[in-house]
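**Student:** What shape does this take:
(one chain, ligands or ions: 2)
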Amino acid sequence: MTELVVRRLLIDLETPFDRHWCGGDAFRSALFNALSMSFPVGEQFFIDSVRNGFKALPAEKQAQFKAEVQGFVGQEATHRRIHGLFNAHLEKQGLVNEWEPRARERLRLMEGQDARHWLAITAANEHFTAIFADWMLRNHQWLDGSEARLKTMWLWHSAEESEHKSTAFDLYVALGGDYEWRIKWFRRVTVIFLSDTLRQTLRNLQRDGTLWKLGTWKSAASYLFGRNGLVRQTYKPWREYLRRDFHPSQQETGLSERWLRDNRDAYTPVGA
Ligand SMILES: [Fe+2]
Ligand SMILES: [Fe+2]
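**Tutor:** Numbering: from 1, shown residues only. Ligands and ions are numbered 1, 2, ... in the order given. Model (predicted):
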């Protein structure tokens with residue numbers, strides 16, 4: 001049982017920011033922008049999954065999950081709102097979110113399906129988010145040279161993703177979700193998530209006019225495959241999900257807690 005605090009982030013998201021806001025780097029900006037474009041639709045789906053899963057629980061189990069579900073919904077709703085503001089600037093910069101309509105189309109197929117399918121998809125996506133978040137908190141030097149408010153936004157989101165990474169997984173298990181379906185959805189989500197991320201990143205670079213610049217590809221190579229690179233450092237934790245006895249809490253590192261403790265002046269707890 002995790003206690004999830006909803007936090008209001010105290011940053012300015014009205015002032016426009018640079019196209020290459022991520023430390024002046026075209027590739028990293030395009031990749032993070034792609035991820036941000038997926039959040040409003042994705043996080044709404046996660047909220048709906050967790051709400052529907054909660055409703056499907058017997059009363060005695062509902063009592064056990066009530067506060068955690070409220071915290072989860074509050075955190076994801078705040079992320080959606082903040083990234084909506086961020087994405088509005090991307091639109092003004094001439095970028096086009098092609099991920100969102102594609103995801104909406106796909107999610108329509110889930111209507112009327114068992115709550116456990118929704119939760120298995122959510123838990124798989126949350127695993128991706130959690131390992132990315134942990135990696136981000138560990139390697140925040142990749143955000144160096146970015147405006148402080150944007151760095152805060154990404155690290156706050158990462159810290160909360162790491163904090164609530166068990167909620168969908170635990171609901172799935174509480175509803176009797178089995179190992180086979182968990183893995184089936186995880187494999188599908190992996191293919192879909194990675195190809196959507198790649199497609200949207202390439203489209204962002206194309207619209208930015210930096211797709212065919214050598215610097216873009218050099219940056220991509222070191223960011224993804226270098227010593228502290230994303231792919232290199234997240235492959236192992238990604239694979240852990242395949243273990244039969246896996247639980248998200250096994251990947252706890254304390255980085256989220258530390259960031260939230262050290263950056264108290266960046267947010268106010270809601271309802272505290
Ligand atoms: Fe989120
Ligand atoms: Fe999340």
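
**Student:** For the stretch 151-272 of the chain, which segments count as strands?
**Tutor:** 267-269 (DSSP state E, counting those that start in this stretch).

**Student:** What of the stretch 1-150 of the chain?
**Tutor:** 7-9.

**Student:** where are the low-confidence patches of it?
**Tutor:** For the stretch 1-150 of the chain, applying pLDDT under 70 flags the ranges 1.

**Student:** Let's see that with 80 instead.
**Tutor:** Within the stretch 1-150 of the chain, the stretches with pLDDT under 80 are 1-2.

**Student:** How about the stretch 151-272 of the chain?
**Tutor:** In the stretch 151-272 of the chain, residues with pLDDT under 80: 271-272.

**Student:** mind running it again at 70?
**Tutor:** Checking the stretch 151-272 of the chain against pLDDT under 70 turns up 272.

**Student:** Count the residues that sit near the spatially closest residue to A77 that is not a sequence neighbour.
**Tutor:** Computed as CB to CB, 6 or more residues apart in numbering, the closest residue to A77 that is not its neighbour in sequence is I47, at 6.5 Å. Every C-beta, even on glycine, is put in place using the N, C-alpha and C of the backbone. Residues within reach of I47, counting by other CB atoms under 10 Å, total 20.

**Student:** which ones are touching V96?
**Tutor:** R203, R207 (CB atoms under 8 Å, 6 or more residues apart in numbering).

**Student:** Run through the helices of the protein in chain order.
**Tutor:** In the chain, the helices defined using DSSP state H lie at 26-55, 59-92, 99-108, 115-138, 148-163, 167-174, 179-208, 214-225, 230-240, 255-262.

**Student:** where's V50 relative to T122, distance?
**Tutor:** Distance of V50 to T122, computed by CB to CB, to the nearest Å: 7 Å.

**Student:** Need the residues touching each of the two.
**Tutor:** In contact with both V50 and T122: A168, using CB under 8 Å, 6+ apart.

**Student:** quick revisit: using a markdown table, please lay out the helices of the chain together with distance to E14.
**Tutor:** Compiled in a markdown table, the helices of the chain are given as follows (distance: least, CB to CB, whole Å):
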| stretch | distance to E14 |
| --- | --- |
| helix 26-55 | 17 |
| helix 59-92 | 8 |
| helix 99-108 | 22 |
| helix 115-138 | 24 |
| helix 148-163 | 10 |
| helix 167-174 | 31 |
| helix 179-208 | 22 |
| helix 214-225 | 29 |
| helix 230-240 | 30 |
| helix 255-262 | 24 |
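
**Student:** So for L10, which of the ones you listed sits nearest?
**Tutor:** When these are compared by CB to CB, helix 148-163 sits nearest L10, at 8.7 Å.

**Student:** So what angle separates the directions of that closest one and helix 59-92?
**Tutor:** Put simply, helix 148-163 runs at 150 degrees to helix 59-92, going by axes from the mean of the first three to the mean of the last three CA atoms, to 10 degrees.

**Student:** Show me how far helix 148-163 is from its chain's centre.
**Tutor:** 10 Å (CA atoms, centre = their mean, to the nearest Å).

**Student:** Which positions in that helix come out as buried?
**Tutor:** Buried residues in helix 148-163, counted by 16 or more other CB atoms under 10 Å: 149-163.
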